[in-house]
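**Student:** Need a 3D model of the sequence below.
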Amino acid sequence: MGELARLDAAVAGSGGRAVVVAVHGLGGMGKSTLAARFAELHADRFSPVWWVTADSLAAVEAGVADLAVAMAPQAAALSVEQRVELGVRWLAGHDGWLLVLDNLSTPADAVGVLERVRTGTVVVTSRKASGWRGVPTVALDVLSANEAADLVNGSAAPIGDI
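**Tutor:** Predicted structure coming up:
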């Protein structure tokens, strides 16, 4: 089973509650491309799709704070801490969304978000293969030349052609 199919299967098993899946592998293996392709293929299923560069705790918080402003523009006047809290509460109170935490350095950097969401979907990409207690993982290995070409060509397809 290919990586995209394994990611689909892991997300499909959510049963209406929050689902978190960690995609891990070495740098340059296509983790972010896989997450982007997943989001593109399921754009009709998720709203909003929110992408956070998550390479530090501060980056995760900034991304969640930006989500708060996107959902409630008046939140721009609040402090960063207040926007983070509002963003987490928004996620906790809504369903049907996809949050991509791209390039997460360590699972601990996302605990403040992940332990509070009860619905929605979170796809994490990370180089870290361990520490994902109870979180399904999709490991990316080196792609063959044909698999890499298929992934790149598929992700570049016009939306109407999917």
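**Student:** Please tell me how far Gln74 sits from Asp44.
**Tutor:** Separation of Gln74 from Asp44 (C-beta to C-beta, to the nearest Å): 29 Å. Placement of C-beta: from N, CA and C, glycine included.
**Student:** now the strands for this structure?
**Tutor:** Assigned by DSSP state E, the chain shows strands spanning 19-24, 49-53, 98-102, 121-126, 137-139.
**Student:** Show me the beta-bridge partners of the residue nearest to the spatial centre of the chain.
**Tutor:** Central residue of the chain (C-alpha atoms, centre = their mean): Val100, 1.9 Å from the mean position. Val100 forms beta bridges with Trp51, Val123, as assigned by DSSP bridges.
**Student:** residues contacting it?
**Tutor:** The contact partners of Val100, by C-beta atoms under 8 Å, 6 or more residues apart in numbering, come to 35-36, 39, 49-52, 122-125.
**Student:** Between those residues, which sits nearest Ala22?
**Tutor:** Distance to Ala22, by C-beta to C-beta, is smallest for Val124 among the contacts of Val100, at 4.4 Å.
**Student:** how about the chain, which residue sits the furthest from its center?
**Tutor:** Centroid-distance maximum for the chain: Ala77 at 26.7 Å, with C-alpha atoms, centre = their mean.
**Student:** burial measure for the nearest residue to Leu57 once chain neighbours are set aside, as a count.
**Tutor:** Closest residue in space to Leu57, ignoring its immediate chain neighbours: Asp109 at 4.5 Å, by C-beta to C-beta, 6 or more residues apart in numbering. Asp109: 21 surrounding residues under other C-beta atoms under 10 Å.
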